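Chemist: Turn this into a model:
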Amino acid sequence: MNKATIIKSDGTEQVLDHRPTLNEAQKIVGGYIEFVSGKINGKVVIMVVDEEGLLKHKPKNSKATLAYWARYPGISSIIVGDVIILEGWRTVG
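Modeler: Okay, the predicted model is just below:
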């Protein structure tokens, strides 16, 4: 099933009824996009993040960070800012 969900850094979520375009994805994450792999409920997902989020000092996104750590146990990096979770899609647009 193809699904796109916005996970905001405040923990709120919003399910999209479509695959976001590149321009829409950039607006949602607040910058240039980067694809990062995560794992939610045992399923590998693609997360769309702001590639410069850490440099911009965006707030930690706890839900996305947990998904990242589930995919890469032992890693200490965090995910910041608003994130789009893509399930079933590999790209935006």
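Chemist: ok, so what distance separates Ala70 from Val44?
Modeler: Note on Ala70: its distance to Val44, by Cβ to Cβ, to the nearest Å, is 10 Å. No exception for glycine: its C-beta is placed from N, CA and C like everyone else's.
Chemist: Need the residues touching each of the two.
Modeler: Common neighbours of Ala70 and Val44 (criterion: Cβ atoms under 8 Å, 6 or more residues apart in numbering): Gly38.
Chemist: Those two: which is more packed in?
Modeler: Ala70 (16 against 12; other Cβ atoms under 10 Å).
Chemist: so who does that one touch?
Modeler: With Cβ under 8 Å, 6+ apart, Ala70 has these contacts: 38-40.
Chemist: Among those residues, pick out the one closest to Leu16, please.
Modeler: Ile40 (15.9 Å; Cβ to Cβ).
Chemist: Which of the three states applies to the nearest residue to that closest one once chain neighbours are set aside?
Modeler: Spatial nearest neighbour of Ile40, excluding adjacent residues (Cβ to Cβ, 6 or more residues apart in numbering): Ala67 at 5.1 Å. Secondary structure, DSSP: H, G, I helix; E, B strand; the rest coil: Ala67 is helix.
Chemist: Ala67: what's it in contact with?
Modeler: So Ala67 contacts 38-40, 45, 47, 79, 85 (Cβ under 8 Å, 6+ apart).
Chemist: where do the strands sit along this structure?
Modeler: Assigned by DSSP state E, the chain shows strands spanning 3-7, 13-16, 33-40, 43-50, 83-87.
Chemist: No more questions from me, cheers.
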